[in-house]
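1. dropping a prediction and its sequence here:
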Amino acid sequence: MAIPAEVRRYWLPILLSAAGFLFQLLVLPHSFPPTHYDALGIERFAPVERVVEAYELLSKEWLAETNQQTTADIIKIRYAYELLTNPILKRDYDLFGLDHHKNVLEKVKEQYQKEHFLKIDLPLLKDSSVYSTDYAVNVLTYESFMHTIAQEHPLLIMVYSKGSPRCAQFIEYWKQIGNRLDGVANTAMVELGDVQLTGHFAEQRFSKQPFFRNGLPTLVAYPSNCRSPSCYMRYPGELLVDSVVDWVATSVIGLPRILYYSKETLGPQFIGKSSHHKVKVIFFSSTGERAAPFLRQAAQEYSTYASFAFVLWKEDESQIWWNSLGVESAPSLVFLKGPGAKPVVFHGTFTKSEFTKIIEEHKHQELRQLRSDTSLELGCDARGYSRAGNDTAIWYCVIVAGRPGVELSKRKQILRKAQDQLFSDVDASTSGSMDSSVVASSAAAALKDDRLTFVWLDGEVQKKLCAFYLATDYSGACGPGGFGDDSDKSELFIVRFQRNATYEALKAEKTNNLMEALQGQHIPDASQLVARYKGPDEIEEINKWISQIIKDGDTREIPYFTSKVPDLVPEETNKEWLKSTKSIRSAGSSVKHRIQNSGFHFKDYLTDPRIGPALLMSACISMGVIWFKSNQPTQTTPGGEAPPKDKTKRRRLRPKLSTSLFGEPTESTDPEPKDARQWEMTDSDSD
């Protein structure tokens with residue numbers, strides 16, 4: 001069946017009119033259901049006395065023989081009476097439209113829908129008095145609120161009501177949240193009776209009626225850089241301890257997440273991809289909960305020294321973790337301090353102070369890396385000083401350099417064991433347990449006095465400094481892989497640093513000369529001598545060689561000279577790990593919740609009474625425009641032809657050219673005017 005032309009022409013006004021009528025008749029009434037005041041037949045916000053009076057009148061009709069009210073209607077009336085005579089429940093309902101016991105109404109209606117109303121067990125809200133007790137701590141007033149948000153720490157606030165059973169049930173979770181956020185963020189509570197504060201945290205409909213979209217309790221947070229009452233963030237997720245804590249740590253504070261790994265992914269994706277210089281910190285959890293905020297804070301503060309990971313403990317995998325890491329059970333904490341180093345394992349749970357003490361003790365690898373941000377701290381920089389202090393004139397740095405790989409790992413293990421052996425000699429000499437025939441070596445004495453440091457150097461990244469010390473081109477231990485030698489090699493050498501007080505005094509006198517001062521900025525303050533190790537990879541031989549170098553370097557007179565040393569290349573501190581974990585969506589950060597946080601809620605528009613009239617007005621306007629266009633007279637040309645649709649496409653006619661060589665006249669196609677006259681030409685009088 002063909003659609004009439006008039007319907008096709010006016011399809012838009014018809015559609016808008018239908019939408020407007022449907023909105024006014026169906027959608028809008030459904031968005032404004034009857035209130036409890038309507039159940040009692042009284043005006044909105046009526047006082048308690050008026051509620052009691054209306055209920056007494058209605059209850060008298062229940063016993064009459066002409067009673068036509070159903071049990072469901074009587075239950076609605078009774079529920080409205082109990083709710084509106086409770087001061088706290090009436091306050092919450094009048095101010096914010098909150099009905100804390102709505103589930104009780106539905107349950108009673110379902111239970112007694114086929115019973116006589118006299119069998120209803122009254123009162124319906126038996127536990128309302130229990131929920132009216134005050135169980136809150138650290139409740140804010142408006143004055144204390146302004147002072148609290150001015151503090152530096154982030155603040156998490158719970159808006160609650162004394163009459164809400166849901167708030168009473170959540171209070172235990174709230175205590176757990178406060179304990180887990182201790183030291184990272186402060187917590188406080190705001191009671192619904194403080195209208196000045198709660199109205200600030202509530203949302204508003206088009207009717208300017210404040211409301212809480214998800215009911216109570218509701219959580220809001222102020223970041224540490226927030227000093228205005230209006231810059232809070234509203235929690236959009238479920239009221240679970242782990243979800244709330246994760247949201248505060250990730251979205252409010254900005255702490256990184258610590259990811260979980262399995263036994264298959266821990267090696268290749270965490271240990272293999274983490275920076276070589278970092279300590280690997282692995283937490284074993286038996287619950288699978290996200291990392292506590294203080295652990296995330298430690299992961300952020302110690303990101304230069306360590307990488308962090310979580311593993312879910314499973315009993316069927318316990319033998320694997322025992323054989324590989326020495327972990328017996330969960331919860332536990334493991335430190336991997338370099339290739340070949342024995343894992344350091346701690347079992348049990350830890351407080352923030354205990355964990356800070358442990359990680360401060362184990363934040364370094366047993367053999368540390370010589371890098372741009374650690375050279376001064378290690379005492380292996382010619383522009384710095386020894387770890388023993390500024391007064392030390394001579395100090396040493398034992399370095400193993402090479403491209404990261406199996407060969408360098410083996411050499412690092414050997415050098416680490418040599419370092420451990422010297423530490424053992426130092427401890428034995430201090431305790432007096434050494435044999436009288438054994439004398440502490442020069443290397444052990446220098447290590448004890450902080451004049452000796454063991455480090456390793458990435459020859460691929462620090463290729464210039466590596467080539468400078470080894471006096472070679474980019475080959476072997478230095479330079480990128482595949483450049484020069486195909487096989488990765490590693491070199492062991494020692495650098496002797498010597499300060500010259502006379503040279504420093506002369507250098508200080510030359511600061512008046514600008515050119516000399518600028519030229520001397522890159523000249524090191526200490527002289528350097530390098531000696532390469534050519535012996536076997538045996539711990540005793542390496543320590544003997546180091547001791548001999550230190551003995552000769554401390555006793556022999558060596559000329560003082562300096563040369564320009566290549567700067568260390570700033571290496572990546574693996575901040576990508578922090579960026580990637582921060583970019584992970586926290587609980588409640590899905591697309592749906594992002595739209596909700598932006599302030600757009602489609603359901604709110606269903607309560608706007610202006611939409612229906614706006615649709616009808618749009619239908620009338622569009623109908624008028626279509627009618628006006630369709631009834632406009634069409635313009636025609638004098639010849640009766642319709643004008644061309646597009647004036648820009650009209651082409652100018654070219655004049656018709658003569659076909660005669662002498663320009664013979666051709667017939668004109670132009671019509672002769674009706675009133676045209678031919679004038680006769682007279683002969684001229686001139687001869």
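-> Everything's here; your move.
2. which outside residues touch stretch 186-196?
-> Residues outside stretch 186-196 that contact it (C-beta atoms under 8 Å, 6 or more residues apart in numbering): 88, 91-92, 95-96, 98, 136-142, 145, 148, 151, 153-162, 174, 177-178, 181, 197-198, 201, 216. C-beta here means a position set from N, CA and C on the backbone, and glycine is covered the same way.
3. which of those residues are buried?
-> Using 16 or more other C-beta atoms under 10 Å as the burial test, the contacts of stretch 186-196 include 88, 91-92, 95-96, 98, 136, 140, 145, 148, 154-162, 174, 177-178, 181, 197-198, 201, 216 as buried.
4. among those, which ones are in strands?
-> L155, L156, I157, M158, V159, Y160 (DSSP state E).
5. okay if I get those residues as TSV plus pLDDT and distance to C226?
-> Shown next, in TSV, are those (pLDDT from 0 to 100; distance: C-beta to C-beta, whole Å):
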residue	pLDDT	distance to C226
L155	95	8
L156	96	12
I157	96	12
M158	96	17
V159	96	17
Y160	95	22
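6. for V565, state which of the residues you listed is nearest.
-> Among these, L155 lies closest to V565 (C-beta to C-beta), at 50.5 Å.
7. touching, that closest one and N225? I think so.
-> No. Contact between L155 and N225 fails when scored by C-beta atoms under 8 Å: they sit 11.9 Å apart.
8. and S332, backbone torsions?
-> Dihedral angles phi and psi of S332 (degrees, to the nearest 10) take the values phi -150, psi 170.
9. pretty sure it contacts V345?
-> Yes. If you go by C-beta under 8 Å, S332 and V345 touch, sitting 6.3 Å apart.
10. compare the two (neighbour count), which wins?
-> Per other C-beta atoms under 10 Å, whichever of S332 and V345 has more neighbours is S332, with 22 against 16.
11. for the host helix or strand of T453, which outside residues touch it?
-> Element membership for T453, per DSSP states H and E: strand 452-458. Residues from elsewhere that reach strand 452-458 (C-beta under 8 Å, 6+ apart): 276, 367-371, 378-380, 387, 395-404, 408, 411-412, 415-416, 418-419, 422, 443, 446, 465-466, 546, 550, 571.
12. ok, now stretch 115-129?
-> Taking C-beta under 8 Å, 6+ apart as the rule, stretch 115-129 contacts 62, 71, 74-75, 78-79, 82-83, 86, 89, 101, 104-105, 108, 112, 163, 165.
13. go with 10 Å
-> Under the contact criterion C-beta atoms under 10 Å, 6 or more residues apart in numbering, stretch 115-129 has outside partners 59, 62-63, 67, 69-75, 77-79, 81-83, 85-86, 88-89, 100-101, 104-105, 107-108, 111-112, 131, 163, 165, 168.
14. list buried residues within those residues.
-> 71, 74-75, 77-79, 81-83, 86, 88-89, 100-101, 104-105, 108, 112, 131, 163, 165, 168.
15. any idea how many residues pack against F310?
-> Neighbour count for F310, taken as other C-beta under 10 Å: 21.
16. one more: E360?
-> If we define neighbours as other C-beta under 10 Å, then E360 has 12 of them.
17. touching, it and Y302? I think so.
-> Yes. Counting by C-beta atoms under 10 Å, Y302 is a contact partner of E360 at 8.5 Å.
18. what are the buried residues along stretch 199-206?
-> Result for stretch 199-206 [16+ other C-beta under 10 Å]: buried residues H200, F201, A202, E203.
19. put the alpha carbons of that stretch into PDB.
-> What follows is stretch 199-206, C-alpha atoms only, in PDB (Å, rounded to 0.1, in the frame of the first residue of the first chain):
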ATOM      1  CA  GLY A 199      23.100  19.900  49.700                       C
ATOM      2  CA  HIS A 200      26.500  20.700  48.300                       C
ATOM      3  CA  PHE A 201      27.300  17.100  47.600                       C
ATOM      4  CA  ALA A 202      23.800  16.200  46.200                       C
ATOM      5  CA  GLU A 203      22.900  16.300  42.500                       C
ATOM      6  CA  GLN A 204      20.000  18.300  41.200                       C
ATOM      7  CA  ARG A 205      17.200  17.500  38.800                       C
ATOM      8  CA  PHE A 206      15.600  20.000  36.300                       C
END
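20. re earlier: out of the buried ones among the contacts of stretch 115-129, name the ones that lie in helices.
-> 71, 74-75, 77-79, 81-83, 88-89, 104-105, 108, 112, 165, 168 (DSSP state H).
21. need the three-state assignment for M189.
-> The three-state assignment at M189 reads strand, by DSSP: H, G, I helix; E, B strand; the rest coil.
22. that one and H101, how far apart?
-> According to C-beta to C-beta, to the nearest Å, M189 and H101 sit 21 Å apart.
23. please apply the same query to S207.
-> Taking C-beta to C-beta as the measure, S207 falls 24 Å from H101.
24. quick one: mean pLDDT over whichever helix in the chain runs longest.
-> In the chain, taking DSSP H as the definition, the longest helix is helix 406-431. Across helix 406-431, the average pLDDT comes to 86.
25. stretch 296-308 now?
-> Mean predicted confidence for stretch 296-308 is 93.
26. cool, and stretch 26-38?
-> Taken as a whole, stretch 26-38 has an average pLDDT of 82.
27. hmm, who's touching it?
-> 19, 22-23, 42-46, 50-51, 54, 76-77, 79-84, 89-90, 93-94, 97, 99, 105, 205, 207, 603-609, 611-612.
28. report the buried members of those.
-> Here, 16+ other C-beta under 10 Å leaves 19, 23, 42, 46, 51, 54, 76-77, 79-84, 89-90, 93, 99, 105, 604, 607, 611-612 buried among the contacts of stretch 26-38.
29. count of residues packed around K410?
-> By the measure other C-beta under 10 Å, the count of residues near K410 is 16.
30. so who does it touch?
-> Contacts of K410 by C-beta under 10 Å, 6+ apart are P339, G340, V400, G402, S490, D537.
31. next: S164.
-> I88, L89, D92, L98, H100, H101, Y131, F170, L192, G215, L216, P217.
32. can you pick out the most distant pair from the residues you listed?
-> So, the contacts of S164 by C-beta to C-beta: farthest apart are L89 and F170, at 17.9 Å.
33. am I right that K629 falls within a helix?
-> Yes. Assignment of K629 by three-state DSSP places it within a helix.
34. test my guess that K109 contacts A72.
-> Yes. If you go by C-beta under 10 Å, K109 and A72 touch, sitting 5.4 Å apart.
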